[in-house]
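K.L.:
Kindly generate the corresponding structure for this input.
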Amino acid sequence: MEVRLAALQTYLIAMICGYKTTNFTAGYEMIYPVDSTGSVITATLPGIDPTGVSLVGMTYTIKDVGGSGSTNNIRINPSGSEKIDGGTAATIATDYGSMILTAFSGGAGGEWMIVGTN
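P.N.:
Coordinates of the predicted model:
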């Protein structure tokens, strides 16, 4: 039982990225705490179908942990020509706001869906 618990803890830690305070490209972590206290920050989502490895169904959460989203927005860009709900970007513009995005379709016209905001 302890071995399984340790494996679960390791998995959960791997899902959460350390605080981001500068522009970044999302990797395979699923939760990104962002502190935009010092400046506007841009998060770039990974390509949905990079080198044939589909991320369809992958969900990312990006959260303003610094409470400065209304002053220093957090901009979320898709990769290349992909879209977020049909647009070229999404923005967290509220203090302590968050956005949850899911990769909906891959290929040349990759699409991210916003499935939750706060």
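
K.L.:
Show me what the residue most central in space within the chain is bridged to.
P.N.:
For the chain, the residue nearest the mean C-alpha position is Tyr60 (4.1 Å; C-alpha atoms, centre = their mean). In this entry, Tyr60 is beta-bridged to Leu101, by DSSP bridges.

K.L.:
Check what pLDDT it gets.
P.N.:
We have a pLDDT of 94 for Tyr60.

K.L.:
25 is where my numbering starts, stick with that
P.N.:
Will do, 25 is the new start, and the previous item becomes Tyr84.

K.L.:
can you tell me which residues contact it?
P.N.:
50, 54-56, 69, 124-126 (C-beta atoms under 8 Å, 6 or more residues apart in numbering). Where C-beta positions appear, they are placed from N, C-alpha and C, glycine not excepted.

K.L.:
one more time with 6 Å
P.N.:
By C-beta atoms under 6 Å, 6 or more residues apart in numbering, Tyr84 lies in contact with 50, 54, 125.

K.L.:
Pretty sure Met82 sits against Leu125.
P.N.:
No - assessed by C-beta atoms under 6 Å, Met82 is found out of contact with Leu125, at 9.2 Å.

K.L.:
Please say which of the two ends up with more neighbours.
P.N.:
Leu125 (24 against 16; other C-beta atoms under 10 Å).

K.L.:
possible to save the contacts of Tyr84 as CSV with distance to Gly110 and pLDDT?
P.N.:
What follows is these, written out as CSV (distance: C-beta to C-beta, whole Å; pLDDT from 0 to 100):
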residue, distance to Gly110, pLDDT
Ala50, 20, 92
Met54, 23, 88
Leu125, 13, 97
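
K.L.:
for those residues, which one is nearest Ser60?
P.N.:
Ala50 (15.6 Å; C-beta to C-beta).

K.L.:
any low-confidence regions in this protein?
P.N.:
25-39, 74-77, 130-132 (pLDDT under 70).

K.L.:
Right, I'll leave it there.
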